[in-house]
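Peer 1: sequence unavailable; structure follows:
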């Protein structure tokens with residue numbers, strides 16, 4: 001009886017329809033993240049020219065790290081997904097993994113700045129600072145997971 005319960009709790013293989021649906025959801029998620037990354041850069045005055053696809057990474061459905069070359073000839077990391085969209089010059093991190101760590105540390109610093117510069121009196125600012133802290137911790141946990149980075153070039 002116990003063996004039957006264990007077997008019934010194991011994941012069942014996806015049907016071909018379920019696999020196709022998952023693939024389509026992943027494609028839609030990547031497209032949405034890509035569009036958000038381009039929009040974010042444009043709003044910050046950076047016109048994206050080229051996506052450096054081989055250096056970009058996806059940790060679906062949590063976040064995507066995009067590396068773009070701008071029309072200003074500078075390269076940028078952009079992070080999108082279930083977290084605040086942000087960007088930085090590519091010179092801050094050699095790899096997507098390092099960029100993840102960079103954003104994690106920057107968000108912790110931004111949260112501290114909000115909390116200790118008087119922003120803590122505004123509930124919206126406190127909520128944003130707490131969101132940054134939460135997401136920063138999550139990013140750092142992903143940064144530390146070796147299995148997520150096995151394919152990343154050194």
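Peer 2: Yep, that arrived. Remember, predicted model here, so these are calculated numbers, not experimental data.

Peer 1: poorly predicted segments of the chain, please.
Peer 2: The chain contains residues with pLDDT under 70 at 1-10, 119-120, 153-154.

Peer 1: for the residue nearest to the spatial centre of the chain, give me its contacts.
Peer 2: Nearest residue to the geometric centre of the chain (Cα atoms, centre = their mean): residue 63, 2.7 Å. Neighbouring residues of residue 63 by Cβ atoms under 8 Å, 6 or more residues apart in numbering: 33, 79, 80, 81, 82, 83, 100, 139, 142. Heads up, the C-betas are built off the backbone N, CA and C, glycines and all.

Peer 1: those residues in helices, which ones?
Peer 2: Under the assignment DSSP state H, these contribute 33, 100, 139, 142 to helices.

Peer 1: looking at these, which is nearest residue 106?
Peer 2: Closest approach between the ones in helices among the contacts of residue 63 and residue 106, by Cβ to Cβ: residue 139, at 9.8 Å.

Peer 1: does the nearest residue to that closest one once chain neighbours are set aside sit in a helix or strand, and which one?
Peer 2: Spatial nearest neighbour of residue 139, chain neighbours left out: residue 104 (3.9 Å); criterion: Cβ to Cβ, 6 or more residues apart in numbering. If you go by DSSP states H and E, residue 104 is part of helix 96-116.
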